[in-house]
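# Need coordinates for the following:
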Amino acid sequence: MATTSRPRIETLDIIRGVAVMGILTMNIYAFAAPFSMYSNPTAYGSPNGLDWLVWAFEFLFFESKFRSLFSIMFGASTLLVIELASAKRQSPALRHFSRMGWLILIGLAHYWFIWAGDILALYGLVGLVAFAFHKLPIRWLIMAALACFAYAAFVVNSFNVSASIVANPDPSPELQAAAEQQMDMVERFFGRDEEKIAEDLSLYQGPYEPILQKRFVEQRTKPLFNALFLGPETLGLFLIGMALFKTGFLTGGWPRERYRKWAATCLGIGLVGNSYLLWLQVQSGFDALTIINSTMLYSVPFDILMAIGWAALITLWAKQNLGQPLAGRLAATGRMAFTNYLVTSIVMTTIFYGYGLGLFGQFGRAALLPFVFGMWALMLLWSKPWLDRFHYGPLEWIWRTLSRFSPQPMLKTA
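Here you go, the predicted structure:
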């Protein structure tokens with residue numbers, strides 16, 4: 001059983017703080033440019049020089065790694081809430097399902113009205129399923145997670161099946177048409193589809209109403225699609241988070257030398273694997289199918305290992321720096337991860353979308369890094385002063401109040 005003493009919980013918050021900051025390194029492209037720029041450095045902007053180096057560095061160290069780490073931390077936090085409810089003789093099921101239900105609604109509001117890249121609704125939907133696993137021992141949690149990853153790989157591999165059908169026409173016209181449609185989608189979102197890029201530029205450089213209409217009409221089923229397509233991998237990451245929490249890994253309960261070994265091993269294996277996948281993409285000329293295989297199929301085990309390696313490295317640093325100013329600010333950022341995630345969406349869409357400053361599509365990869373660093377600075381600067389005065393971040397307070405069916409104390413008293 002993981003302990004919940006203050007230093008270990010602060011360590012948990014520090015990892016979460018780094019995770020919520022880290023996911024912006026990739027989300028910035030979904031905020032600021034046509035979607036294909038996210039994974040394909042040749043789709044939009046300069047494919048050479050500094051922009052290429054930024055893409056390579058982020059692919060090796062950030063892409064999917066911090067999204068995975070954020071998901072792992074959500075699984076750990078979910079288990080912590082369930083255990084605390086049990087310790088207080090409250091209903092763990094009522095607490096959990098209430099939290100997930102409200103998270104789904106908040107996520108849908110985020111998706112509809114602010115940003116189409118929402119993950120909160122996905123987390124809430126998958127979290128409903130995750131409750132069934134919380135009592136499992138560590139070994140069974142890991143086995144269940146591996147089964148989820150295997151199923152997720154089976155789903156993503158459907159793109160390769162479709163590519164094979166297109167290359168070798170099937171006698172069934174319906175199957176052939178479905179395969180061609182799927183490959184067209186791959187090219188639109190991961191290739192250099194000029195029509196899709198032009199559509200994105202026109203939409204997000206324009207007013208608010210067409211964006212809202214697209215989410216409510218054309219993409220109204222996207223949150224459900226995300227749950228079906230990304231749900232198995234996300235559930236696996238939640239279960240890994242539960243397992244790591246139970247071992248004491250995420251709460252700083254291991255010896256420092258053990259964290260060093262895990263960080264070196266996981267990051268080392270992950271970097272070797274992802275370096276090969278980077279080479280594959282370059283050799284293919286950034287072919288769309290190669291990109292989707294390299295970012296959503298073959299890279300998954302390496303990305304998960306690197307997420308765990310990042311967690312080990314962050315925990316090792318945290319154990320040595322608890323009580324220092326930067327550690328305190330990172331912990332506060334983590335305790336307000338929900339608020340910081342949503343505020344980031346509001347700030348970035350206001351900067352880049354047409355109804356704000358209208359800077360969508362105006363920057364290359366390297367030029368977008370100052371926006372990332374600026375948002376990191378805001379998170380670090382405002383989270384701790386807020387928590388010095390209040391018990392929770394503003395959106396954490398709303399979520400907690402809604403899920404507990406009564407107003408929670410907010411202002412700290414002397």
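
# Grab the nearest non-local neighbour of residue 270.
Once its chain neighbours are removed from consideration, residue 270 has its nearest residue in residue 306; the separation is 3.5 Å (C-beta to C-beta, 6 or more residues apart in numbering). Yep, even glycine has a C-beta here, placed from its N, CA and C like the rest.

# Revised request: answer the last question for residue 23.
With sequence-adjacent residues excluded and distances taken as C-beta to C-beta, 6+ apart, residue 23 is closest to residue 66, at 4.7 Å.

# Distance-wise, check that neighbour relative to residue 142.
Relative to residue 142, residue 66 is positioned 21 Å away (C-beta to C-beta, to the nearest Å).

# Tell me which of the two has more neighbours.
residue 66 (24 against 17; other C-beta atoms under 10 Å).

# residue contacts, that one?
Contact analysis of residue 66 by C-beta atoms under 8 Å, 6 or more residues apart in numbering lists 18, 19, 22, 23, 25, 26, 307, 310.

# Residue 306 too?
Under the criterion of C-beta under 8 Å, 6+ apart, the neighbours of residue 306 are 61, 65, 68, 266, 267, 270, 271, 274.

# So the third one sits against residue 309, correct?
Translated: residue 68. No: judged on C-beta atoms under 8 Å, residue 68 makes no contact with residue 309 at a distance of 10.8 Å.

# Mind checking which of the two has more residues around it?
residue 68 (27 against 23).

# Please report the distance of the more buried one from residue 52.
Residue 68 sits 24 Å away from residue 52, going by C-beta to C-beta.

# same deal with residue 18?
Between residue 18 and residue 52 the computed distance is 26 Å (C-beta to C-beta).

# So those two - more neighbours on which side?
residue 18 (24 against 17).

# Where does the spatially closest residue to that one that is not a sequence neighbour fall, secondary structure wise?
Nearest in space to residue 18, with sequence neighbours left out and distances taken as C-beta to C-beta, 6+ apart, is residue 314 at 5.2 Å. Under the criterion of DSSP states H and E, residue 314 resides in helix 300-321.

# how far does that helix sit from the chain's center?
The chain centroid and the centroid of helix 300-321 are separated by 15 Å, computed with C-alpha atoms, centre = their mean, to the nearest Å.

# Alpha carbons of it, as PDB, please.
Presented in PDB, the C-alpha positions along helix 300-321 are these (Å, rounded to 0.1, in the frame of the first residue of the first chain):
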ATOM      1  CA  VAL A 300       4.200   2.700 -27.900                       C
ATOM      2  CA  PRO A 301       6.400   0.400 -25.800                       C
ATOM      3  CA  PHE A 302       9.300   2.800 -26.000                       C
ATOM      4  CA  ASP A 303       7.100   5.800 -25.200                       C
ATOM      5  CA  ILE A 304       5.700   4.100 -22.100                       C
ATOM      6  CA  LEU A 305       9.200   3.100 -21.000                       C
ATOM      7  CA  MET A 306      10.400   6.700 -21.400                       C
ATOM      8  CA  ALA A 307       7.400   8.000 -19.500                       C
ATOM      9  CA  ILE A 308       8.300   5.700 -16.600                       C
ATOM     10  CA  GLY A 309      11.900   6.800 -17.000                       C
ATOM     11  CA  TRP A 310      10.900  10.500 -16.900                       C
ATOM     12  CA  ALA A 311       8.900   9.700 -13.700                       C
ATOM     13  CA  ALA A 312      11.900   8.000 -12.100                       C
ATOM     14  CA  LEU A 313      14.200  10.900 -13.100                       C
ATOM     15  CA  ILE A 314      11.700  13.600 -11.800                       C
ATOM     16  CA  THR A 315      11.200  11.700  -8.600                       C
ATOM     17  CA  LEU A 316      14.900  11.300  -8.000                       C
ATOM     18  CA  TRP A 317      15.300  15.100  -8.500                       C
ATOM     19  CA  ALA A 318      12.300  15.800  -6.200                       C
ATOM     20  CA  LYS A 319      13.600  13.600  -3.400                       C
ATOM     21  CA  GLN A 320      16.800  15.700  -3.400                       C
ATOM     22  CA  ASN A 321      15.000  19.100  -3.700                       C
END
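
# which parts of that helix are buried?
Residues 300, 302-319 are the ones in helix 300-321 that count as buried (16 or more other C-beta atoms under 10 Å).

# now swap in stretch 333-341 and tell me
333, 334, 335, 336, 337, 338, 339, 340, 341.

# can you check stretch 381-401 too?
Buried residues in stretch 381-401 (16+ other C-beta under 10 Å): 382-384, 386-387, 390, 392-393, 395-401.

# What of stretch 71-83?
Applying a neighbour-count criterion of 16+ other C-beta under 10 Å, the buried positions in stretch 71-83 are 71-83.

# Do a quick rundown of the strands in the stretch 301-414 of the chain.
Applying DSSP state E, counting those that start in this stretch to the stretch 301-414 of the chain gives no strands.
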